[in-house]
Structures are given as structure tokens and as C-alpha cells.
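>>> just the structure for this:
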Amino acid sequence: MEQSHQGSAAPVSKREQVQGLLRGIRVDIDGYKQLHGLLIRQRELMKRRDNAGLALHNEAQTQLCEKLMERAKNRSRTLVALGFTGNSKGMEDLIARLPHASQKQVLILWRNLVDLVKESQQFNEENGKLLVSQQEVINSLLNKQPESQNDYGYAR
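Numbers count the residues shown, from 1 in each chain. Okay, here's the model as predicted:
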């Protein structure tokens with residue numbers, strides 16, 4: 001919930017920015033766990049060739065991916081605003097500057113998120129390969145059809 005101020009919003013302190021980053025990491029961990037389940041479901045729908053189910057499913061999956069990408073962009077902008085690079089290295093540099101008592105817990109959270117992202121990318125690539133192989137089978141069947149229709153046992 002945003003509070004409006006006259007003119008512009010009150011500046012956010014560096015501490016609040018860091019806290020926001022940490023909350024965002026936790027939200028993204030949940031989001032990527034949800035995406036993992038969606039990717040598994042997508043593969044099941046693809047294997048069953050459930051096109052109607054896939055259409056509905058992919059819409060929900062796309063919306064979740066867009067939210068995850070937007071949060072990643074926001075995290076990148078926040079890191080840059082804090083004086084770090086807007087990537088994983090910048091996040092690791094930020095973690096290294098946190099109070100020692102917080103570093104380990106935040107590093108575990110960050111690595112958990114990074115692992116979930118990599119796992120999701122791998123699942124997505126596997127789903128893409130399945131889709132390509134299904135398309136190749138369909139194309140192969142479609143390309144054979146005209147030949148079999150024209151081939152009545154006569155030599156060409």
C-alpha cells in the first residue's frame with residue numbers, strides 16, 4: 001500500500017532498500033517453486049497433447065514468468081541504486097557487506113533462489129526439446145502423407 005505525499009514519495013533508506021531486496025528474494029523463491037510445478041504440469045500436458053489445457057496453462061505460466069522478470073528487474077535497479085552491479089555478482093557483493101550475523105542466512109536464501117532459477121531454466125529447456133521433437137514427428141507425418149497419397153505402386 002503506497003502512501004501519497006505532497007510532491008513525491010519520501011526517499012527510501014538504504015536499509016529499507018536492502019530489506020526490500022530480501023523480501024523480494026523470499027517472494028521469488030516461492031514464485032520459482034510455483035513455476036517449477038507449472039513446468040512439470042506443462043510437460044504432462046504436452047505429453048498428452050492437451051492443446052486446450054496447454055493454452056490455459058501457458059497463459060498462467062506466462063503471467064508468473066512476467067512477474068518474476070519484473071521483480072528481477074526491480075532487484076537489479078535496487079542493486080544499482082545501492083552502488084552495486086545489477087546482477088548476481090552485485091547481490092553477492094551486497095551480501096558480503098551485510099553484518100556478519102546476517103550474511104550466512106541471506107547467502108543461503110540467495111543461493112536457493114539462484115538454484116531454483118537454474119532448475120527452472122533446465123526444465124523449460126527440456127520442455128522446449130519435447131515440443132520440438134513433437135513438432136518434428138508431426139512434420140514428418142505431414143510430409144509423408146502427400147507421398148503416400150500419390151504413390152499407388154507405380155514406378156516414378
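>>> which residues of the chain fall in strands?
Shown for the chain, no strands are assigned by DSSP state E.
>>> need the residues that contact stretch 39-48.
53-54, 57-58, 61, 120, 123-124, 126-127, 130-131, 134 (Cβ atoms under 8 Å, 6 or more residues apart in numbering). The C-beta positions use only the backbone N, C-alpha and C, and glycine is treated the same way.
>>> make that stretch 66-82, sorry
With contact meaning Cβ under 8 Å, 6+ apart, stretch 66-82 is reached by 14, 17-18, 20-21, 24-25, 27-28, 31-32, 35, 85-87, 90-91, 94.
>>> pLDDT below threshold where in the protein?
Within the chain, the ranges that satisfy pLDDT under 70 run 1-10, 145-156.
>>> which stretches of it form helices?
Along the chain, the segments classed as helices by DSSP state H run 14-47, 51-81, 88-97, 100-150.
>>> show me what counts as buried in the first one.
Yep, that's helix 14-47 we're talking about. Burial within helix 14-47, assessed by neighbour count using 16 or more other Cβ atoms under 10 Å, is assigned to 17-18, 21-22, 24-25, 28-29, 31-32, 35, 38-39, 42-43, 45-46.
>>> quick one on the thing from earlier: give me the buried subset of the contacts of stretch 39-48.
Leu54, His57, Gln61, Ser120, Phe123, Asn124, Asn127.
>>> wait, the third one touches His36, no?
No. Using Cβ atoms under 8 Å, Gln61 makes no contact with His36, being 11.0 Å away.
>>> can you tell me the closest non-neighbouring residue to Phe84?
Distance criterion Cβ to Cβ, 6 or more residues apart in numbering; nearest residue to Phe84, sequence neighbours excluded, is Gly90 at 3.5 Å.
>>> against Lys118, how distant is the residue most central in space within the chain?
For the chain, Cys65 is the residue whose C-alpha lies nearest the centre (Cα atoms, centre = their mean; 4.8 Å). For Cys65, the distance to Lys118 equals 15 Å [Cβ to Cβ, to the nearest Å].
>>> count of neighbours near the residue nearest to Phe84?
As a burial measure, Gly90 scores 18 neighbours (other Cβ atoms under 10 Å).
>>> gap between it and Val106?
14 Å.
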